[in-house]
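K.L.:
below: sequence and its predicted model.
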Amino acid sequence: MSARENILQRLRAAPQGTPPLPPDVPAFYAANAGAVGNRASRIELFCEKMAFWHGEVVRVTRDGWPQKLGELCKAKGVCSLLHSEQHAAALRATGMAGLRPYDRPIDGWKKELFEDTDASLTSTRGGIAETGTLILWPDANEPRLMSLVPPIHFALLEADRLYDNLFAAMSGQGWSGSMPTNALLVSGPSKTADIQVTLAYGAHGPKELIVLLIDAEEKP
Amino acid sequence: MNAQQLQFVPASEFKQRAAVAVSDAHLRSSFRGAMDFLIGKRAAQFPDPVLLERQRGLAEHIRKYSLARLPELLEQLERKLTENGVHVHWAENPEQANRIIIDIARSHSTKLMVKGKSMVSEEVELNHAMADAGIEALESDMGEYIVQLDGEKPSHIIMPAIHKTKQEIARLFAAKVPGVSYTESVDELIGIGRAVLREKFMTAEVGLSGVNFAVAETGTLCLVENEGNGRMCTTVPDVHIAITGIEKVVEKLEHVPPLLGLLTRSATGQAITTYFNMISGPRKPGEKDGPREMHLVLVDNGRSQAYADEQLRSTLQCIRCGACMNHCPVYTRIGGHAYGTTYPGPIGAIISPHLLGLAATHVLPTASSLCGACGEVCPVRIPIPDLLVRLRGEAQHDARPGHAPLLGQGAAKSGLVDAVWSGWAAMYTRPALYRAFGWLATRFRALTPPLQSGWTVGRTPLKPAKRTLHERMAARRVR
């Protein structure tokens, strides 16, 4: 018999008492997760938590973000910015130098990505207020490594897509029916406390995370 | 087999190691400091005890529910993953697991495999098996990288290098990493690790990771981490191999948030880690990065033995947060290496007998004062103290009728101990015998030996009183 059959047979042979009922996770959250409140308090909580993780939040407008991003890149000395096709036009309009679209498979330019790319810009699928978390949904247009390899990661977040907690985001966006090859939750820049419990940022991933929070209700 | 011997530490050596560790002031202060820090951070995350109990109740329910349906959930997981393009393998023991991984690596002519944190890969001694096969297996979690560089094993499941000071790490890097000079700056030390490992991520053909939760309904493997090395290992190399114990599966994606929220808060006092990585398959046509090939290795290695017993099954509820270690007065004083097993501390004492057998591990469940702290902080309410007592018993007697013997059942059986207990039972159930013994013990008290084994190491010898309590009470009444 194969290992698979042996293992399953051993598990099936084990005595089973009364099986527990399925856990009612939605009911738990309905009863116990204190609602964060209205839109404004969700935004406030998200900003507070993201700051706690050493992520920076910059409030921008729907039309003004490329300009703001250009300024931030300049201030941080970013010479090359990796971006996806969907943001190409908006970024080009700012006249920024060093724009680099992620337009071909990684295999041909791994070294360039690792050693010669200062920053990246990705969109997000939303955010989670309770923990100061971004939801990233990489795809063919915005591949997985964009948010991992460059030392600075800029992420666009729509304020209207903030959820109270992970469960609310998961059920609100119907994740279980549409998981991509890789979905990610990101809360701040990469970090470690493996040496004497001393916190250090930029362990393997980005050293800085800057959230460009698009708030349509905000007046420019 | 070679690999297993390296891991194997004879039971008798635990006490010697513990004695050495407990008199190492430097090691004790390292652990004490770090554990106190983690205890404080965890406590700050759970300000409302009523809510915490509700959260623990739900998490326990989810784990018990998942285990009750384990065989069908494993089949569902396999089906979904296969649909998603992931190859699923099953391994009954470390040899099979290592063979599967070596074969995959060889089929790609791999020279270098980068590893994210995986305790199951430590459990099966994968690194040694890979080295024997001529393939370098490089740890990329900072703590794991440090202990591997020094030829050690992790001393804590969440913080592998917690036993080392920054000075020791500075000396280690200066000696072992080419072109690096001595620095005690933690930022610089991490920078050195980052530079070395980024080079490796770029060139490795195969990446290996563990799994924190495997979701059956979607075929999703979830990974919890702060550093980003797990993402590197699972995204950059052409091949991703995940390895996990068969108990990690849950039915639905919605079962993950309650467990995740308790895992990170219990482990390091974080509301969430920097990255929560949900992987459901290899690179799809048109996608520009991600592995082209993905494998999952499901490892039994004694877990089905725990599963076969309804009480011992609760061992498998574990989500590997490490809170039981952080709160254990024994672990805090002796550290992780003294245990000599992959999983140290209270969880190690209850899982290791299933992985390695009671013959090698029966002393571990005795390394507890049964204070109950581990059970109190366990986010999934594993009754750890009850299981410690149960395993102590299983090591002392043969299998009870109707129960299959555990691996190494009765390994600590001793004729002398059995005789002493039979004598004790006889005396305490027969009043005449009890009084006779009391009379003898008090009259011949001068014969009590001055050296009484472990008792007199730090205490004055025990000596019976001049008269028994019965006699003294009788004398009082007469007066």
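P.N.:
Thanks, I have the structure now.

K.L.:
report the separation between the two terminal residues of stretch B:408-423.
P.N.:
Stretch B:408-423 has an end-to-end distance of 26 Å (Cα to Cα, to the nearest Å).

K.L.:
please name the nearest non-neighbouring residue to residue 32.
P.N.:
I'll assume chain A. In space, and not counting its chain neighbours, A:N32 is closest to B:R54: 5.7 Å by Cβ to Cβ, 6 or more residues apart in numbering or on different chains. All C-beta spots, glycine's among them, are computed from the backbone N, C-alpha and C.

K.L.:
oops, wrong one, chain B.
P.N.:
Using Cβ to Cβ, 6+ apart, the nearest residue to B:R32 is B:T332, at 5.9 Å.

K.L.:
tally of neighbours for the residue nearest to A:N32?
P.N.:
15 (other Cβ atoms under 10 Å in any protein chain shown).

K.L.:
A:Q173 now?
P.N.:
Around A:Q173 there are 16 other residues, counting by other Cβ under 10 Å.

K.L.:
just A:G95 next, same as before
P.N.:
9.

K.L.:
for whichever residue of chain A sits closest to chain B, give me phi and psi.
P.N.:
Residue nearest to chain B within chain A: A:G205 (2.9 Å; Cβ to the nearest Cβ). The phi/psi pair for A:G205 (degrees, to the nearest 10) reads phi -100, psi -150.

K.L.:
got it, and B:I279?
P.N.:
Main-chain dihedrals, B:I279, degrees, to the nearest 10: phi -110, psi 120.

K.L.:
go on, B:H108?
P.N.:
The phi/psi pair for B:H108 (degrees, to the nearest 10) reads phi -110, psi 10.

K.L.:
count the neighbours of B:A426 for me.
P.N.:
Count around B:A426 with other Cβ under 10 Å applied: 12.

K.L.:
helix/strand/coil for it?
P.N.:
Recorded secondary structure, B:A426: helix (DSSP: H, G, I helix; E, B strand; the rest coil).

K.L.:
ok, now B:V389?
P.N.:
On the basis of three-state DSSP, B:V389 is classed as helix.

K.L.:
need the contact list for it.
P.N.:
B:365, B:370 (Cβ atoms under 8 Å, 6 or more residues apart in numbering or on different chains).

K.L.:
what do you get if the cut-off is 10 Å, keeping everything else the same?
P.N.:
Residues counted as contacts of B:V389 (Cβ atoms under 10 Å, 6 or more residues apart in numbering or on different chains) are B:365, B:368, B:370, B:383.

K.L.:
and the third one, its phi and psi?
P.N.:
The one in question is B:L370. Backbone geometry at B:L370, expressed as degrees, to the nearest 10, gives phi 60, psi 40.

K.L.:
before we move on, back to that, pull out the buried residues from the contacts of B:V389.
P.N.:
Of the members of the contacts of B:V389, the ones counted as buried by neighbours, 16 or more other Cβ atoms under 10 Å in any protein chain shown, are B:365, B:368, B:383.

K.L.:
buried ones in the strand or helix carrying the residue nearest to B:R32?
P.N.:
Using DSSP states H and E, B:T332 sits in helix B:329-334. Of all the residues in helix B:329-334, those buried under the rule 16+ other Cβ under 10 Å are B:330-334.

K.L.:
what would the residues you listed look like in CSV with distance to A:V57 and pLDDT?
P.N.:
Formatted as CSV, these follow (distance: Cβ to Cβ, whole Å; pLDDT from 0 to 100):
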residue, distance to A:V57, pLDDT
B:V330, 44, 97
B:Y331, 39, 96
B:T332, 39, 95
B:R333, 44, 95
B:I334, 45, 95
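
K.L.:
ok, B:G210 touching B:K115?
P.N.:
Yes - at 9.0 Å, B:G210 counts as touching B:K115 under the criterion of Cβ atoms under 10 Å.

K.L.:
circling back: closest one to chain A out of the buried ones among the contacts of B:V389, please.
P.N.:
Closest to chain A, out of all of those and judged by Cβ to the nearest Cβ, is B:P383, at 15.6 Å.

K.L.:
wait, doesn't A:E48 sit right on A:A129?
P.N.:
Yes - judged on Cβ under 10 Å, A:E48 makes contact with A:A129 at a distance of 9.0 Å.

K.L.:
between the two, which has more neighbouring residues?
P.N.:
Higher neighbour count among A:E48 and A:A129: A:A129, with 24 against 12, using other Cβ under 10 Å.

K.L.:
please report phi then psi for the more buried one.
P.N.:
Here is the backbone geometry of A:A129 (degrees, to the nearest 10): phi -70, psi -50.

K.L.:
ok, now which ones touch it?
P.N.:
Contacts for A:A129 were tallied using Cβ under 10 Å, 6+ apart; they are A:36-37, A:41-50, A:162-165, A:168-169.

K.L.:
make it 6 Å
P.N.:
A:36, A:42, A:45-46, A:162, A:164 (Cβ atoms under 6 Å, 6 or more residues apart in numbering or on different chains).

K.L.:
many thanks, have a good one.
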